[in-house]
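Q: Dropping the sequence and predicted coords here.
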Amino acid sequence: MSDWITFALPKGRIMQDSMELFARIGITCPEMEGESRKLVFENPEQKYRFMAVRATDVPTYVEYGCADLGVVGKDTLLEQGKDLYEPLDLKFGYCRLVVAEPKALRRDDDPACWSNIRVATKYPNITERYFAARGIQVEIIKLYGSIELAPLVGLAERIVDLVSTGGTLRANDMVEVETIAEITSRLIVNRASLKTKHRRISRILADLEQVIDDEVRISR
Ligand SMILES: Nc1ncnc2c1ncn2[C@@H]1O[C@H](COP(=O)(O)OP(=O)(O)OP(=O)(O)O)[C@@H](O)[C@H]1O
Ligand SMILES: O=P(O)(O)OC[C@H]1O[C@H](OP(=O)(O)OP(=O)(O)O)[C@H](O)[C@@H]1O
């Protein structure tokens with residue numbers, strides 16, 4: 001099995017974009033087509049294995065070498081701060097990590113005057129760092145989803161969360177105040193695999209880079 005390549009892919013929205021990109025460099029997995037509760041899928045002819053994991057668990061599987069390669073949002077990498085080799089920006093999964101607050105609060109609010117605020121977020125580390133760098137004291141309420149609910153029920157005045165279309169903020173009468181980071185999905189690589197499976201992995205990296213560069217060139 002040692003010449004197999006194992007990918008850790010997030011079960012959610014990134015999975016499909018990942019498989020579409022991999023298909024463009026000839027990496028496919030017919031076993032993954034259709035509904036299934038399976039967590040591991042294989043293409044024995046090509047010697048590829050795909051593990052479906054929680055988005056936030058991808059770095060762990062790659063760090064411990066259970067997966068050679070992983071696809072994960074930059075938000076997760078920034079939050080977890082693991083020392084992982086991150087050679088490629090895959091240029092999908094685009095969104096922004098922002099500070100947001102209710103429209104009604106925004107009217108008289110001046111972020112330059114913030115000194116002590118309460119923020120609900122899935123990203124406590126990023127949030128802490130961001131406000132500490134500006135000398136703002138922040139009380140962080142860690143949540144695991146539906147972050148936009150927090151200001152509606154008085155749990156926190158502000159949130160730090162991802163925005164893509166802006167639909168969730170609008171639907172909950174909130175507005176963006178500041179952008180913390182632009183986010184895309186990244187390819188991450190286990191450092192030991194890079195040495196032990198160098199030929200296969202460097203080929204995958206080169207092929208992906210080519211396809212991504214071509215796409216960027218065409219879209220210009
Ligand atoms: N609205 C969005 N639009 C585009 N990309 C997004 C959006 N929300 C999240 N992402 C990206 O997709 C990644 C995975 O998000 P997803 O919602 O699938 O998992 P999650 O629910 O955040 O993770 P978990 O299942 O571990 O709680 C995020 O880390 C981010 O990089
Ligand atoms: O700008 P939009 O296109 O509306 O997308 C933003 C929403 O998407 C993500 O939530 P997700 O769907 O992952 O739900 P969750 O936070 O409850 O897990 C994010 O946390 C925002 O709530």
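A: Thanks, I have it. Ligands and ions are numbered 1, 2, ... in the order given.

Q: Could you give the bridge partners of the most centrally placed residue in the chain?
A: Closest residue to the average C-alpha location of the chain: G73 at 1.5 Å, with Cα atoms, centre = their mean. Here G73 sits in beta bridges with S185, going by DSSP bridges.

Q: Is it in contact with G93, as I believe?
A: Yes. The criterion here is Cβ atoms under 8 Å, and G73 meets it with G93 at 5.6 Å. Quick note: C-beta positions are derived from backbone N, CA and C, even for glycine.

Q: Which neighbours do these two have in common?
A: 14, 183-185 (Cβ atoms under 8 Å, 6 or more residues apart in numbering).

Q: now these in CSV, with distance to V153 and pLDDT?
A: Below are those laid out as CSV (distance: Cβ to Cβ, whole Å; pLDDT from 0 to 100):
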residue, distance to V153, pLDDT
I14, 30, 95
I183, 26, 98
T184, 32, 98
S185, 32, 98
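
Q: I'd like the average pLDDT over the host helix or strand of R129.
A: Taking DSSP states H and E as the definition, one finds R129 inside helix 124-132. For helix 124-132, mean pLDDT rounds to 98.

Q: Determine how far that helix lies from the middle of the whole chain.
A: Distance of helix 124-132 from the chain centroid (Cα atoms, centre = their mean, to the nearest Å) equals 17 Å.

Q: If we go by neighbour counts, what in that helix is buried?
A: 124, 126-127, 130-131 (16 or more other Cβ atoms under 10 Å).

Q: Adding distance to S193, write the residues you listed out as CSV.
A: Below are these laid out as CSV (distance: Cβ to Cβ, whole Å):
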residue, distance to S193
P124, 30
I126, 28
T127, 32
Y130, 33
F131, 37
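
Q: ok, of those residues, which one's closest to ligand 1?
A: Proximity of the buried residues of helix 124-132 to ligand 1 was ranked by Cβ to the nearest ligand atom; the top entry is I126 with 11.7 Å.

Q: Whether the longest strand along the chain contacts ligand 1 - can you check?
A: Criterion DSSP state E: the longest strand present in the chain is strand 174-183. Yes. For strand 174-183, a contact with ligand 1 is found by Cβ under 6 Å from any ligand atom, at I183.

Q: Repeat that for stretch 67-78.
A: Yes. Using Cβ under 6 Å from any ligand atom, stretch 67-78 comes into contact with ligand 1 via 73, 75-76.

Q: Isn't D75 up against I126?
A: Yes. Using Cβ under 8 Å, D75 is in contact with I126, at 7.5 Å.

Q: elements contacting the helix holding R129?
A: The contact analysis (3 or more Cβ pairs under 8 Å, 6 or more residues apart in numbering; DSSP states H and E) places helix 124-132 against helix 74-80, strand 116-121, strand 137-142, strand 158-163, strand 174-183.

Q: ranking these by burial, who's on top?
A: Highest mean neighbour count among the helices and strands packed on helix 124-132 (mean count of other Cβ atoms under 10 Å): strand 158-163, with a mean of 24.
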